[in-house]
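Enquirer: what follows is a predicted structure for the sequence shown.
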Amino acid sequence: MTISLLAGTPIPAWANDWGMGDSNSKIPPSSIFNPVSTPAHEIDTVAFFVISITAVIFLIVAGLLAYSVIRFRTRPGDDGREPPQVYGSNPIEFAWTTVPVIIVFVLILVTARTIYVVQAAPRPPGALSVHVIAHQWWWEFRYPDLGIVTANELHVPLSDPHSPTPTFLDLESVDVAHSFWVPRLAGKTDVIPNKRNSMWIDPQVAGTYLGQCGEYCGTEHAMMLLRVIVEPRPDFDRWATAQKQPPVVDASASHGRAVFESTSCVNCHTISGTRADGRFGPDLTHLMARETIGAGVAMNTPAHLKVWVNDPSVMKPGALMPAMNLDDKDLDDLVTYLATLR
C-alpha cells in the first residue's frame, strides 16, 4: 500500500502498474498550506492564525508547567509541607477569564471574515459557470454556457489577480452525500442529494491540481479522484473549441463503433454523433482527451482502457460499471474505436 499526494488517501499497490503513480509524481502535493486561489489563500491565512495562537498558548502553558515542576520539586531536606497556597487572587482570576474571552472573540471575528469573503463573493458578469454532478464514484462537469460535458477533469481558465476571472461551481449529487475538495484551490464543499451548493475558485498559477471526494460515500470513496487543469485563456479556449467538435472516427474503427452501439454501453454513456445518449456514466465523446480513466484510477491509455472495459472491478473493485464479457476481437475493436474519441 502506498499513499497518494492527497494526505491520508490510500492507493492500492497496483496503482503504479496502471501508471497513476508516475503521473501524480509530476504534480505538486495538494496542501492547504500552498494555496493558488483566493478561497484557499483565505483558508490558509485563518489556519495559520489559529495554529499560531494555539502554539503560543501551548508554549505558555507548557512553560509554566515546566517551571512549576522544576521550581517546586521535592528537594533533600524538605519537611514534606506544601508551599504557600494562593486563594482568591482577583488579578489571576481576571487574567484567566479575560484573556481566553479576548482570544475567542478574535478567532470569531477572523473566522467570520474568512467565511464572508469565501461565501459572499458576488458572481461577476462573464464568470465561467460549471455544473458539478457527483456520482458513485466519479465526477461529471457540465459547462452550460459552452455546451460542454466532460468527466473527472475540470478545465478552467487562469485568473489574473489584477483582473480576476473566477469560476463558479454549482454542485449537486445524484445518489449519496459527497464532498468536492481541491486543497490548493478551495475548501471542502459538501455535495448533497436534492440540494445545490455553490463555491468558486480563481486559480492564479497554471497547472494541474489534484482533488478528492472529501466525504465517505461508499466502497470506492478513496478512488473518487478529480483533476483541475488550469490553463491560460487562449489554451482554455482551444480546449473548449475542441470539446464542441464531434469526434472524427477512422473508417477502420467502424466495427468497434458497431460493437459499442450493440451493447449496453449506449444505455449508460453518450457519444456525440451516435445513438448513445445514456446519462448514468461519463460522456465519452472526447474520452481520449482526458489524462485518466475511472476517476483517476489509471492513466488513460489503450492498454489500460482495455482492462477497464473488459472488467472495471480489476482496477476499481465495487465500480458500478459491469464487465462487458466480450470476445477478444470485439474487445480489441471496441477499444480501438474508443481510442479515436479525441
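Expert: Nice, thanks for sending it over.

Enquirer: quick one: pLDDT of residue 313?
Expert: Per-residue confidence at residue 313 stands at 88 (pLDDT).

Enquirer: for it, give its distance to residue 288.
Expert: Using Cβ to Cβ, to the nearest Å, we find residue 313 at a distance of 23 Å from residue 288. C-beta coordinates here come from the backbone N, C-alpha and C atoms, glycine included.

Enquirer: between those two, tell me which one has more neighbours.
Expert: More crowded of residue 313 and residue 288, by other Cβ atoms under 10 Å: residue 288, with 17 against 12.

Enquirer: what sits against the residue lying closest to the more buried one once chain neighbours are set aside?
Expert: Using Cβ to Cβ, 6 or more residues apart in numbering and skipping the chain neighbours, the partner closest in space to residue 288 is residue 342 (4.7 Å). Taking Cβ atoms under 8 Å, 6 or more residues apart in numbering, we find residue 342 in contact with 247, 248, 286, 288, 289.

Enquirer: for residue 239, what are its contacts?
Expert: By Cβ under 8 Å, 6+ apart, the contact set of residue 239 is 155, 231, 289.

Enquirer: how many neighbours does residue 200 have?
Expert: Counted with other Cβ under 10 Å, residue 200 comes out at 23.

Enquirer: for this protein, which helix is longest?
Expert: helix 38-71 (DSSP state H).

Enquirer: just name the closest of the contacts of residue 239 to residue 56, please.
Expert: Closest to residue 56 out of these is residue 231 (42.0 Å), distances taken as Cβ to Cβ.

Enquirer: distance check, the closest one against residue 293.
Expert: 21 Å.

Enquirer: who's more crowded, the two?
Expert: residue 293 (27 against 19).

Enquirer: next, give phi and psi for the more buried one.
Expert: Phi and psi for residue 293, reported as degrees, to the nearest 10, are phi -130, psi 160.

Enquirer: any idea how far residue 322 is from residue 330?
Expert: Distance of residue 330 to residue 322, computed by Cβ to Cβ: 15 Å.

Enquirer: out of these two, which sits in the more crowded spot?
Expert: The neighbour comparison of residue 330 against residue 322 (other Cβ under 10 Å) goes to residue 330, with 18 against 11.

Enquirer: so the more buried one sits against residue 260, correct?
Expert: No: between residue 330 and residue 260 there is no contact under Cβ atoms under 8 Å: 9.8 Å.

Enquirer: would you map the strands across the protein?
Expert: 2-3, 10-11, 128-135, 138-143, 148-151, 153-157, 167-173, 178-181, 189-191, 197-201, 207-213, 225-231, 292-293, 298-299 (DSSP state E).

Enquirer: go through those strands and name the closest to residue 280.
Expert: strand 128-135 (8.0 Å).

Enquirer: tell me the contacts of residue 50?
Expert: Contacts of residue 50 (Cβ under 8 Å, 6+ apart): residue 107.

Enquirer: correct me, but residue 276 touches residue 269?
Expert: Yes: Residue 276 is within contact range of residue 269, at 5.5 Å (criterion: Cβ under 8 Å).

Enquirer: got the contact list for the residue lying closest to residue 48 once chain neighbours are set aside?
Expert: Of all residues not flanking residue 48 in the chain, residue 33 sits nearest, at 7.7 Å (Cβ to Cβ, 6+ apart). Counting by Cβ under 8 Å, 6+ apart, residue 33 makes contact with 44, 47, 48.

Enquirer: buried subset of those?
Expert: Buried subset of the contacts of residue 33 (neighbour count, 16 or more other Cβ atoms under 10 Å): residue 44.

Enquirer: which among the contacts of residue 33 gets closest to residue 243?
Expert: residue 44 (32.4 Å).

Enquirer: my guess is the closest one contacts residue 36, does it?
Expert: No: look at residue 44 against residue 36 with Cβ under 8 Å: they stay out of range, at 10.3 Å.

Enquirer: residue contacts, residue 145?
Expert: Neighbour list for residue 145: 128, 129 [criterion: Cβ under 8 Å, 6+ apart].

Enquirer: what do residue 276 and residue 269 both touch?
Expert: In contact with both residue 276 and residue 269: residue 284, using Cβ under 8 Å, 6+ apart.

Enquirer: okay then, goodbye and thanks.
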